[in-house]
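1. Fold the following and give me the result.
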Amino acid sequence: MVEVRVSFLLLQISIFYLYSQVDSATTRLSRASAFIKISCQSTQYPQRCVESLSRYAHLVQQDPEILAHIALTLSMSRARYIRVYMSKTATNLKGKEYQAVRDCLDRISDSVAHLSQSIEELSHLGKDGGDDFMWHVSNVETWVSSALTDQYTCVNGFTSQPLRSKLRANIQDMVVNVAEVTSNALALVDRYIAKVRAARATKKP
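-> Model (predicted):
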């Protein structure tokens, strides 16, 4: 009888532990989601920001560095997808249509390269406690801004190009989407940089 009671007690303890673990994980995820929503308020396209990043709440937790990295990586991933799509599309075009898509493709390829550079550079910000900090900051901001410029240049270039309306609409929609994601990423990077600067300032004698 005693053994049965002990076993039942152990079972209750195990169930309580499992529930507490699930509840703790749920709480962390809820806080991470709230952190993303608050962070996205500083962006130009907050709704798109929340929609694109909320699925990564379990990775972000409440870390602005991870959030900035994921935002940039997401932007680069979408730009790569567009690059593949436009490369395939261009093979079926001729004349002015081909050239219009090719010009945009070159811009998107440049944006992918700039975003890749910015992701690599961002990883140095939290680690570099020396005089190179501002140099890294300048590089990150410059490359993300350049990627954004590349994307908007692609979109703007289509307005006067002799493209079929459906093709123009498809490409413009995709590029505008990635441009908005990149704009949001830049805002989140700036937010993270501001936190790093503040932390560095408190450490100075």
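
2. CA atoms for contacts and neighbours, from now on please.
-> Will do.

3. element containing the residue most central in space within the chain, please.
-> Nearest to the geometric centre of the chain sits Ala71, at 1.2 Å (Cα atoms, centre = their mean). Here Ala71, judged by DSSP states H and E, is contained in helix 64-90.

4. so what's the residue nearest to the centre of the chain up against?
-> Taking Cα atoms under 8 Å, 6 or more residues apart in numbering as the contact definition, Ala71 lies against 53, 181-182, 184-185, 188.

5. what's the burial count for Val60?
-> Neighbours of Val60 under the rule other Cα atoms under 10 Å: 22.

6. what pLDDT does it get?
-> What the model reports for Val60 is a pLDDT of 86.

7. OK, contacts around it?
-> So Val60 contacts 32, 66-67 (Cα under 8 Å, 6+ apart).

8. Swap in 10 Å and give it another go.
-> 29, 32-33, 35-36, 53-54, 66-70 (Cα atoms under 10 Å, 6 or more residues apart in numbering).

9. low-scoring stretches of the chain, by residue?
-> 1-29, 126-131, 158-163, 203-205 (pLDDT under 70).

10. leaving aside the residues next to it on the chain, what's closest to Val181?
-> Excluding the flanking residues, the one nearest Val181 by Cα to Cα, 6 or more residues apart in numbering is Ser75, at 5.8 Å.

11. neighbours around that neighbour, how many?
-> Neighbours of Ser75 using other Cα under 10 Å come to 28.

12. before we move on, what about Thr153?
-> Thr153: 16 neighbours (other Cα under 10 Å).

13. which secondary structure element contains it?
-> Applying DSSP H and E, one finds Thr153 within helix 133-157.

14. Likewise for Ser111?
-> With DSSP H and E as the test, Ser111 turns up in helix 95-122.

15. Check the offset of the helix holding Ala71 from the chain's centre.
-> Put simply, helix 64-90 sits 8 Å off its chain's centre (Cα atoms, centre = their mean, to the nearest Å).

16. That helix to helix 95-122, inter-axis angle?
-> 160 degrees (axes from the mean of the first three to the mean of the last three Cα atoms, to 10 degrees).

17. which residues does the residue nearest to Val181 contact?
-> Per Cα under 10 Å, 6+ apart, neighbours of Ser75: 52, 69, 111-112, 115-116, 144, 147-148, 177-185.

18. Can you flag the buried ones in the contacts of Val60?
-> The neighbour count (16 or more other Cα atoms under 10 Å) marks 29, 32-33, 35-36, 53-54, 66-70 as buried among those.

19. Pick the one among these closest to Lys88.
-> Within these, proximity to Lys88 (Cα to Cα) peaks at Ile70, which comes in at 27.2 Å.

20. The closest one touches Ala185, doesn't it?
-> Yes: at 8.5 Å, Ile70 counts as touching Ala185 under the criterion of Cα atoms under 10 Å.
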